[in-house]
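A.B. asks: sharing a sequence plus its predicted fold:
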Amino acid sequence: MPTTFETLPSFISLTEAGERLGLNSMRLQDLIRAGTLNAARIKGETVVDEKKVEEIATQPKKRDLEEYKQFAHLAGEKIWMSEAARKYGVSHPTISRWTQAGYIKKVDSDGYRTYLSEQDMAYCAFVYGERRGRGKRVFNKDGTPYRTIVELKAEEKEKED
């Protein structure tokens with residue numbers, strides 16, 4: 001198919017992409033490096049594929065999921081990392097990895113303890129409990145539960161019925 005004006009990709013600035021996605025420039029750069037967003041340099045400015053930005057923007061967000069909303073009563077609560085490990089039965093190293101990946105928000109630190117969002121912690125422990133098992137992927141990069149191709153196809157078939 002020949003390239004026409006209508007089939008050319010449309011690009012937007014990083015600033016505009018950040019506003020649409022609610023992300024800062026550092027996170028956008030991470031998405032570019034990971035290959036999630038296609039980028040180009042035009043007259044010294046980095047621009048990204050508008051179609052891909054819209055695709056990302058329309059994906060469900062963690063805060064909109066029913067799994068996350070069921071822990072709304074814990075919003076604003078903070079929990080010490082070691083206490084979270086005991087309370088939710090998740091190892092300290094796993095909680096640390098989730099925190100570094102951004103699935104669990106760091107709320108505070110007093111120099112001795114790191115405090116986490118208990119809502120995020122409860123959500124992650126719940127999803128982890130459903131997918132329990134070594135070597136299984138638990139989360140997508142955006143913190144939503146990972147679904148295998150088989151699970152996605154089953155969900156699509158269920159919607160059709």
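C.D. replies: Great, that's in hand. Numbering: from 1, shown residues only.
A.B. asks: tell me how the protein divides into domains.
C.D. replies: 9-58, 63-160 (automatic domain parsing).
A.B. asks: got JSON lines for these, with mean pLDDT and mean neighbour count too?
C.D. replies: Yep, even glycine has a C-beta here, placed from its N, CA and C like the rest. Shown next, in JSON lines, are these (pLDDT from 0 to 100; neighbours: other C-beta atoms under 10 Å):
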{"stretch": "domain 9-58", "mean pLDDT": "83", "mean neighbour count": "14"}
{"stretch": "domain 63-160", "mean pLDDT": "86", "mean neighbour count": "15"}
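A.B. asks: which residue ranges of the chain form strands?
C.D. replies: Per DSSP state E, the chain has strands spanning 11-13, 39-42, 45-49, 78-80, 106-109, 114-117. These are given in chain order.
A.B. asks: for the fifth one, packing partners?
C.D. replies: Using 3 or more C-beta pairs under 8 Å, 6 or more residues apart in numbering; DSSP states H and E, the elements in contact with strand 106-109 are strand 114-117.
A.B. asks: how close does the residue nearest to the spatial centre of the chain get to residue 36?
C.D. replies: Nearest to the mean C-alpha position of the chain, by C-alpha atoms, centre = their mean, lies residue 142 at 0.9 Å. Distance, residue 142 to residue 36, by C-beta to C-beta, to the nearest Å: 10 Å.
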